[in-house]
Each structure stands twice: as C-alpha cells, then as structure tokens.
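Student: Fold the following.
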Amino acid sequence: MKDRGQLNESSGQADERFATTQWNLVLSACKTPSPTSQAALELLCRTYWPPLYAYLRRHGHSVEEAQDLTQGFFAFVLEHHTLDYADPQRGRFRHFLLAALKRYLLDEHRLSSALKRGPKFRWLPWNDELPTPPPGDPPAHLRSAEECYENRWAITLLGKVLEDLRTECNHRADPKLFDHLKDHICMDDDAVPYAGLAGQLGIPAVTLRVTVHRLRQRYRELLRSEIARTVGSPAEIDDEIRHLITVVAW
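Tutor: Predicted structure coming up:
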C-alpha cells in the first residue's frame, strides 16, 4: 500500500451519495427480511467474521471456542436485533460491533453455552462460503486484541475489494491478465516493471501502463464504496481510508 495519495482521491458526488444508503441497508438487515437485506447481512458477516475471530483468538480463546463464539455472536445479533441500536452519528460501525461483542462476552452463562455450528443457523453460510479460520494465531507483534481486530478488518476489507476487482476483470478480459497485474495495483508507478511485464504478456508497454492506471482507478472507486458502507457520513470516508492504510501496515 505505497501510494497513499491514490487511495484518498475523491471519486465524486455519486460516491458520497452511496455512503448513507449503504449504512441504512446494513441497519435494515434484521428489520425487513428480503433478498436485498439477506445480501446485506451476508456482506456484514463476510466483512466482520475474520476481525471478530482474530479478536477472540488474541483474547485467549482456542480456535474452536473462537469459531463457536463468533458464530454465536452473529446469531445473538440477529435474534436480539442488535443492529437496531447502531447509530451512524455515534461512530464507526466496526467500533459498535466490537463493543457489542465485548458485552456479549461478559455474559458467562452465554459463554458456557456458546452456540455450535449446525443446520439451525444455515442463514449464515459458514461451511459453504465464509472463510475458514486463519491457520494460526494473529500476528505476534500485535499485542492487544483490539489491534488484532483492526488489522484483520483492514486486511479483510482490502481482500474483498481486490476480489471484486478480479471479478470485474474476469468478465471483461483474460483472467490471467489480472493475476499478472494485481500485485502492482497499489505500487508506486515508478516501481512497476512495465518493460518486463509487457514483454512477458506480449503487449505494448504503453498499453500495459494504461491498463494498470485503469485498474488503480477502479480499485480506488471500489475501496471508497466499500468504506462508505460503514461510515456515518461522506466526510468520514477519507479519514477511514487513512486509518485503514495505517492499521494494515501494523
């Protein structure tokens, strides 16, 4: 993530109108069941399952306990309409969710009877679509559970943005092209070996430079849209991106 200026550029009024709409979509996930709200709920789970799991692991829970507690927490959130209490004017959505998890953990009775994964909760596509738990503990240099949470949130979000960009590219061009260029999207332009890549791909260097530029531009747009889902106002998007760049480097 070397080119910070690229990630902080505004992409216009359409992007800013997107922010509140997406926040409201997430907040409505439990209120009005529908294909749209279900998609919003699954997006919520995909984005926050890894950071919540990382928090629980650093908090001292075993792999199995962290899995069960994460699953149980999402079930609790839905059953008790916890999202109804989220307020965009009172801070970042991920902070609200972490605070809700901490309250959930205070109930020792709930901890002792944490919900197990099973067919009752197939609304959360744990086995089919959600990522499996990371193979080991969170990075050792991240000492606090909160740092693990923030770092995994940033990595998960950036990974989702990159996969969204990959999907778009697969529909428009040779899928192998994206695999060759994905590692260069966030590099400084001077660090991209255009001549070598162009020879390897069999395309003119100028064409390759334009392609990388377009990928970077679309990556920025997708990142801003993803960030806009969980901030309270368009004015917060750039600050959130700066924070993301900071914590992903921890």
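Student: Quick check: chain neighbours aside, which residue is closest to the most centrally placed residue in the chain?
Tutor: The C-alpha lying nearest the average C-alpha coordinate of the chain belongs to Leu157 (C-alpha atoms, centre = their mean; 2.3 Å). Distances taken as C-beta to C-beta, 6 or more residues apart in numbering put Glu226 closest to Leu157, at 5.9 Å, once the chain neighbours are dropped. (C-beta placed from N, C-alpha, C; glycine too.)
Student: Measure how buried that neighbour is and give me the count.
Tutor: Residues near Glu226, counting by other C-beta atoms under 10 Å, number 19.
Student: my guess is it contacts Gly159, does it?
Tutor: No - using C-beta atoms under 8 Å, Glu226 and Gly159 do not qualify as a contacting pair, with a distance of 10.6 Å.
Student: Tell me the secondary structure at Arg46.
Tutor: Under DSSP: H, G, I helix; E, B strand; the rest coil, Arg46 falls in the helix class.
Student: What count of nearby residues applies to it?
Tutor: Close neighbours of Arg46, defined as other C-beta under 10 Å, add up to 15.
Student: Could you measure from it over to Arg229?
Tutor: Going from Arg46 to Arg229 by C-beta to C-beta, to the nearest Å gives 12 Å.
Student: just to revisit the earlier point, check contacts around the residue nearest to Leu157.
Tutor: With contact taken as C-beta atoms under 8 Å, 6 or more residues apart in numbering, Glu226 is in contact with Leu157, Lys160, Val161, Asp164.
Student: Just those: which are in helices?
Tutor: Judged by DSSP state H, the subset of the contacts of Glu226 located in helices is Leu157, Lys160, Val161, Asp164.
Student: Model confidence score at the third one, please.
Tutor: pLDDT, the model's per-residue confidence, is 91 for Val161.
Student: Pull out the buried positions in the helix or strand where Pro50 lies.
Tutor: When elements are assigned from DSSP states H and E, Pro50 belongs to helix 35-58. By neighbour count on 16 or more other C-beta atoms under 10 Å, the buried set for helix 35-58 is 37, 40-45, 47-58.
Student: How far off centre is it?
Tutor: Offset of helix 35-58 from its chain centre (C-alpha atoms, centre = their mean, to the nearest Å): 8 Å.
Student: Dump that helix to CSV, restricted to CA.
Tutor: Taking C-alpha atoms only, helix 35-58 is exported to CSV below (Å, rounded to 0.1, in the frame of the first residue of the first chain):
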residue,chain,number,x,y,z
PRO,A,35,-33.2,-10.9,-0.8
THR,A,36,-31.6,-7.4,-0.5
SER,A,37,-31.4,-7.4,3.3
GLN,A,38,-30.1,-11.0,3.2
ALA,A,39,-27.3,-9.9,0.9
ALA,A,40,-26.5,-7.1,3.2
LEU,A,41,-26.4,-9.4,6.2
GLU,A,42,-24.1,-11.9,4.4
LEU,A,43,-21.8,-9.0,3.5
LEU,A,44,-21.7,-8.0,7.1
CYS,A,45,-20.7,-11.5,8.1
ARG,A,46,-18.1,-11.8,5.5
THR,A,47,-16.5,-8.5,6.4
TYR,A,48,-16.5,-8.8,10.2
TRP,A,49,-16.2,-12.5,10.8
PRO,A,50,-12.4,-12.5,10.4
PRO,A,51,-11.7,-9.5,12.6
LEU,A,52,-14.1,-10.7,15.3
TYR,A,53,-12.4,-14.1,15.2
ALA,A,54,-9.0,-12.5,15.5
TYR,A,55,-10.1,-10.5,18.5
LEU,A,56,-11.3,-13.6,20.2
ARG,A,57,-8.1,-15.6,19.5
ARG,A,58,-5.9,-12.8,20.9
